[in-house]
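J.: got a structure for you, letters missing:
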């Protein structure tokens, strides 16, 4: 199984995808005139404004839901893996992906808002499947994305998150007691953890998107702040080392110590995994927000990349590098370019981070990371469920199969329990397959949409014009901007039959 998944990853995560992620971020940064810098103050203002409604959630709740997906295992275990396989220079490439990815995040989230719908339950729905169908006119491509996303977020990715919870709890509180089961010998700590996580998960996901949003808007800011405070304490205790760590990160990014290719590859892979810019996950939560103008939620989602990578991921990286709690693997099995720890310490897990905090604060590291990982990973699982649910809602527009949502919930819970107890290498490898598939489909999609009609760029220019005019209550008129199939906004502004309804909701076919 491991060899098959590794083979698939070798194809999906070829250098082409790495260049595509970086290239898309650079392209959108240039075409939006670096929206991630120009509108930084506006991001803050929007983040603290806006309210939820019967149909949608607030901008902050949407940010919290998307952050619960972005801020997860990748911030703790993923950064460790990037350093362990790509060297300290991989952190630099994670920063590059974050900075450029913020523009990509604006574009995909603005698209999600432009083409969102109200579903049969009166809730806002949207995301890549919706905007691929409406803006590209390619329903078959939208279906491929929806099916791939349901499989990735409903089966593959939750296991990565729950696996890190199980490993961290076992390292912190495990007694070493093992139990024979049908799927092999498993530690008692992992079985108890998997059961506990599955029960809480079931309670929340059966409560719907509102319960998910209410839970994440409380937990996400709390967990991120607590983690960053601990990291800053460790950094302040070793403040004299910070300049040399910066130089190590920047210098190693362009030297052959771990191979420039390895540093870039692992930095981009874990960067995309962590902040999810271009992956197509963030737009699902962005579409659920109730805002005055699509560009507003695009800006809020752009800001989430800064929180994820430039704050939380950097905090992890500096803790690991300051304390020296890492190894850098070489090309051959068992060979290390840098070895500061025992040879049997795995990089694909939270161990580096646990050891980093433990060395600086004895007695705190292992339990704190177990606690932090539970909240980081658990909220990410909730975000994955919401994303998979949204894509099932998309499919139900055409094909109604009774019990689809219940099946998703049951499969997700099983995947989470199984992921808690299986090996870390397989969990991460399967997660990489899911992330890579979604990234390929979404980035290609948003680039084609840009060249077809530039809807996200038109929305940004329209918003900026209203800002200059001193508008306080923003409006969005897709017809005036030449944007087709934005039925929700047409009906909201004009209160009449939309172009979509006239065409029986079937967008014109466009040849790719």
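T.: Arrived safely. Predicted, not measured: the structure shown is a model, and the values here were computed from it.
J.: number of nearby residues for residue 492?
T.: Look at residue 492: counted by other Cβ atoms under 10 Å, it has 15 neighbours. In this view, the C-beta of every residue, glycine as well, is placed from N, C-alpha and C.
J.: SS state for it?
T.: Using DSSP: H, G, I helix; E, B strand; the rest coil, the structure places residue 492 in helix.
J.: try residue 471
T.: coil.
J.: gap between it and residue 18?
T.: Distance, residue 471 to residue 18, by Cβ to Cβ, to the nearest Å: 41 Å.
J.: tell me which of the two has more neighbours.
T.: Between residue 471 and residue 18, counted using other Cβ under 10 Å, the more crowded position is residue 18 (21 against 13).
J.: distance-wise, check the more buried one relative to residue 438.
T.: The span separating residue 18 from residue 438 equals 15 Å under the rule Cβ to Cβ.
J.: got it, and residue 450?
T.: Distance, residue 450 to residue 438, using Cβ to Cβ: 18 Å.
J.: who's more crowded, these two?
T.: Counted by other Cβ under 10 Å, residue 450 and residue 438 do not tie: residue 438 has more neighbours, with 25 against 19.
J.: whichever strand or helix holds that one packs against which elements?
T.: Counting by DSSP states H and E, the element that carries residue 438 is helix 424-453. Other helices and strands packing on helix 424-453, by 3 or more Cβ pairs under 8 Å, 6 or more residues apart in numbering; DSSP states H and E, are helix 2-12, helix 15-31, helix 89-114, helix 128-131, helix 139-151, helix 157-173, helix 260-275, helix 455-468.
J.: now the angle from that helix to helix 157-173?
T.: Computed by axes from the mean of the first three to the mean of the last three Cα atoms, to 10 degrees, the angle separating helix 424-453 from helix 157-173 equals 140 degrees.
J.: any stretches of the stretch 351-500 of the chain with poor pLDDT?
T.: Counting by pLDDT under 70, the ranges of the stretch 351-500 of the chain that qualify are 423-428, 495-500.
J.: equivalent analysis for the stretch 201-350 of the chain, please.
T.: 208-213, 216-217, 220, 255-267, 269-277, 330-334, 336, 343-350.
J.: ok so, going back, turn the helices and strands packed on helix 424-453 into a markdown table, columns for distance to residue 442.
T.: Below are the helices and strands packed on helix 424-453 laid out as a markdown table (distance: least, Cβ to Cβ, whole Å):
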| stretch | distance to residue 442 |
| --- | --- |
| helix 2-12 | 13 |
| helix 15-31 | 9 |
| helix 89-114 | 7 |
| helix 128-131 | 5 |
| helix 139-151 | 7 |
| helix 157-173 | 14 |
| helix 260-275 | 11 |
| helix 455-468 | 13 |
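J.: among those, which is nearest residue 329?
T.: Residue 329 sits nearest to helix 260-275 of all those, at 9.1 Å, using Cβ to Cβ.
J.: now for the helix or strand following the closest one, which elements pack on it?
T.: Using DSSP H and E, the helix or strand that directly follows helix 260-275 along the chain is helix 282-287. For helix 282-287, the helices and strands in contact under the criterion 3+ Cβ pairs under 8 Å, 6+ apart are helix 59-70, helix 89-114, helix 128-131, helix 294-305, helix 365-396.
J.: follow-up on the earlier one: most tightly surrounded among the helices and strands packed on helix 424-453?
T.: helix 128-131 (a mean of 32; mean count of other Cβ atoms under 10 Å).
J.: name the residues that touch that one?
T.: 108, 111-112, 114-117, 142-143, 145-146, 149, 280, 283, 287, 391, 394, 441-442, 445-446, 449 (Cβ atoms under 8 Å, 6 or more residues apart in numbering).
J.: at 7 Å what do you get?
T.: When contacts are defined by Cβ atoms under 7 Å, 6 or more residues apart in numbering, helix 128-131 is touched by residues 111-112, 115-117, 142, 145-146, 280, 283, 391, 394, 442, 445, 449.
J.: and stretch 19-30, by the same measure?
T.: 36, 97, 100-101, 103-104, 107, 268, 272, 277-278, 439, 443, 447.
J.: what is the nearest of these to residue 12?
T.: Among the contacts of stretch 19-30, and counting by Cβ to Cβ, the member closest to residue 12 is residue 439, at 8.5 Å.
J.: which residues touch the closest one?
T.: Going by Cβ under 7 Å, 6+ apart, residue 439 touches 17, 21, 272, 278-279.
J.: likewise residue 477?
T.: Contact analysis of residue 477 by Cβ under 7 Å, 6+ apart lists residue 493.
J.: what strand or helix carries it?
T.: Per DSSP H and E, there is no helix or strand for residue 477.
J.: return the backbone torsion pair for it.
T.: phi -120, psi 100 (degrees, to the nearest 10).
J.: any idea how far it lies from residue 486?
T.: Distance check for residue 477 against residue 486: by Cβ to Cβ, it reads 9 Å.
J.: and residue 32, by the same measure?
T.: Counting by Cβ to Cβ, the gap from residue 32 to residue 486 is 19 Å.
J.: which of the two has more neighbours?
T.: Just comparing residue 32 and residue 486: by other Cβ under 10 Å the higher neighbour count belongs to residue 486, 28 against 24.
J.: state the distance from that one to residue 458.
T.: Going from residue 486 to residue 458 by Cβ to Cβ gives 11 Å.
J.: hang on, residue 218 is in a helix, isn't it?
T.: Yes. Under three-state DSSP, residue 218 sits within a helix.
J.: in contact with it, which residues?
T.: Counted by Cβ under 7 Å, 6+ apart, residue 218 has zero contacts.
J.: how long is stretch 131-140 from one end to the other?
T.: 13 Å (Cα to Cα, to the nearest Å).
J.: quick one: mean pLDDT for that stretch?
T.: The average pLDDT within stretch 131-140 is 93.
J.: could you do stretch 165-182 as well?
T.: For stretch 165-182, mean pLDDT is 71.
J.: need the nearest residue in space to residue 156, chain neighbours excluded.
T.: Once flanking residues are discounted, residue 156 sits nearest to residue 434: 3.7 Å by Cβ to Cβ, 6 or more residues apart in numbering.
J.: who are the contact partners of the one you found?
T.: Applying Cβ under 7 Å, 6+ apart, one finds that residue 434 lies in contact with 152, 156-157.
J.: can I get the residues you listed in TSV including distance to residue 189?
T.: Converted to TSV, these look like this (distance: Cβ to Cβ, whole Å):
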residue	distance to residue 189
152	28
156	24
157	23
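J.: circling back: looking at the helices and strands packed on helix 282-287, which is closest to residue 238?
T.: helix 365-396 (14.9 Å).
J.: quick one: contacts of the next helix or strand after the closest one?
T.: Downstream of helix 365-396, the first helix or strand assigned by DSSP H and E is helix 404-421. Helix 404-421 has contacts (Cβ under 7 Å, 6+ apart) with 154-155, 158-160, 162-163, 165-166, 186, 190-191, 193-194, 197-198, 201-202, 205-206, 381, 385, 388-389, 392, 396, 427.
J.: tell me how far the ends of stretch 104-124 are from each other?
T.: 22 Å.
J.: average pLDDT for it, rounded please.
T.: Stretch 104-124 shows a mean pLDDT of 87.
J.: good, wrapping up.
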